[in-house]
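K.L.:
coords please:
(one chain, ligands or ions: 1)
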Amino acid sequence: MSDRDKSAYGKLCTLIYDLDKPLADKQEIDSFIEHISSASGRILEAMCGSGRFLIPMLKEGYCVSGFDSSAEMLKACSERCRELDLHPRLFTADVTDFNCDEKYDHVFITAGSASLLTTIEELSNAFRCIFNCLAPGGNFIFTYVNRGSREDTDSDWKEVMSYPLGRGVISCMEKVTCHASLRTVIYEYLYEVSENGIITGSEYQKLALRTYEFSELYTALHDCGFRNISEAEGCGPGSECGMVICRK
Ligand SMILES: C[S@@+](CC[C@H](N)C(=O)[O-])C[C@H]1O[C@@H](n2cnc3c(N)ncnc32)[C@H](O)[C@@H]1O
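P.N.:
Model (predicted):
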C-alpha cells in the first residue's frame, strides 16, 4: 500500500465520516458565508469531502462547486446531492496540483483541512493553484490547525466510534501520536464492519495534521500574490482551528 493509499479517505472511512459528521449546522456554515459577499458569485470548495458544507450551501441557493482527492468522498457527495435534486459541478483533484478552466469569486477550505498539507511547500503549491483559479478580487477563506500538543505523546489503540450499519456494525479504532517538535499529529484509524461478531470488511488510514502559525501562512500567501491577508474569528471559542481570509 502506498503512503497516498494509506492516507486516502476510503470507502469505510467515508461511511463512518457521514454517520459521525452529517451536514454542517447553520453556525458552522455562517462562519464561512459571512465572508462571502454575494450569493450570486461562483464558489469553489476545495477538499469538499462528502459535501458536509457544500450541500447546505447549495440548499441555501449558493452556486458552489467542489473537488476532493478522494473518489469515495466525492461519490458520497454526488449521491447525497442527487437524492436532493442538487447538481453541483464536482471533480477529483489534488489541491496541491490542479487547474481550473473556470474562475471563481470565492474559494474556501473547511474543517482545518489546510493542515492536512504538512509542509510549507505543499501548502504554497495549493495556495498557488487556488490563486490561479480565482477571479481578480476573489476571496480565499480557509481554516487550519493552530494549536497542538507541547509534548510527544503516543496513545494506545482505542475504539472511538461505532454505528449500526445494515444488519451489522461499523466501528473505528484510533491511535494518536504527537510529534511536538515537528508540530505534527499522526492519526491512525482502523475501520471495521462486522456482522454477528464476524469481521466482513476492514480499512486502515494514516494521516498527519500539522500545526501552523499565522505568520507562516501570511508569508506563503503573500509570496503567492494574495493581499488583504487577515485572521478571522470563525472557528468558535475553544477551537483548535484558525481562520484566514485573503484576496487575489
Ligand atoms: C476532514 S475532511 C473535510 C471534508 C469536508 N470539507 C468537511 O468539512 O466535512 C478532509 C478532506 O480533504 C481531502 N483531501 C486530503 N488531502 C487532499 C488533497 N491533497 N487534495 C484534495 N483533497 C484532499 C480528503 O479526501 C477529505 O475529503
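K.L.:
and the next element down the chain from the lowest-mean-pLDDT helix or strand in the chain?
P.N.:
Least confident helix or strand, the chain: helix 3-7 with a mean of 63, by mean pLDDT, DSSP states H and E. Remark: after helix 3-7, the chain's next helix or strand is helix 11-20, criterion DSSP states H and E.
K.L.:
kindly export that next one (C-alpha atoms) in CSV.
P.N.:
Provided in CSV are the C-alpha atoms of helix 11-20 (Å, rounded to 0.1, in the frame of the first residue of the first chain):
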residue,chain,number,x,y,z
LYS,A,11,-14.9,3.6,1.5
LEU,A,12,-15.3,2.7,5.1
CYS,A,13,-13.8,6.0,6.3
THR,A,14,-16.4,7.8,4.2
LEU,A,15,-19.3,5.7,5.6
ILE,A,16,-18.3,6.4,9.2
TYR,A,17,-17.5,10.1,8.4
ASP,A,18,-21.1,10.7,7.2
LEU,A,19,-22.6,8.8,10.1
ASP,A,20,-20.4,10.8,12.6
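K.L.:
what does it rub up against?
P.N.:
With contact meaning Cβ atoms under 8 Å, 6 or more residues apart in numbering, helix 11-20 is reached by 9, 49-50, 70, 72-73, 75-76, 80, 161, 163, 165, 170, 172, 189, 191-193, 201-203, 205. C-beta coordinates here come from the backbone N, C-alpha and C atoms, glycine included.
K.L.:
leaving out chain neighbours, which residue sits closest to the residue in the chain positioned nearest to the ligand?
P.N.:
Closest to the ligand within the chain is residue 49: 2.6 Å, counting by Cβ to the nearest ligand atom. Of all residues not flanking residue 49 in the chain, residue 73 sits nearest, at 4.6 Å (Cβ to Cβ, 6 or more residues apart in numbering).
K.L.:
right, and residue 23 touches residue 55 too?
P.N.:
Yes. Residue 23 is within contact range of residue 55, at 5.8 Å (criterion: Cβ atoms under 8 Å).
K.L.:
neighbour count: those two, which is higher?
P.N.:
Comparing residue 23 with residue 55 by neighbour count (other Cβ atoms under 10 Å), the higher total belongs to residue 55, at 23 against 17.
K.L.:
could you check the pLDDT of that one?
P.N.:
Confidence at residue 55, expressed as pLDDT, is 97.
K.L.:
can you check the one 10 residues further on too?
P.N.:
Each residue has a pLDDT score; the one for residue 65 is 97.
K.L.:
excluding chain neighbours, what is closest to it?
P.N.:
Distance criterion Cβ to Cβ, 6+ apart; nearest residue to residue 65, sequence neighbours excluded, is residue 89 at 4.0 Å.
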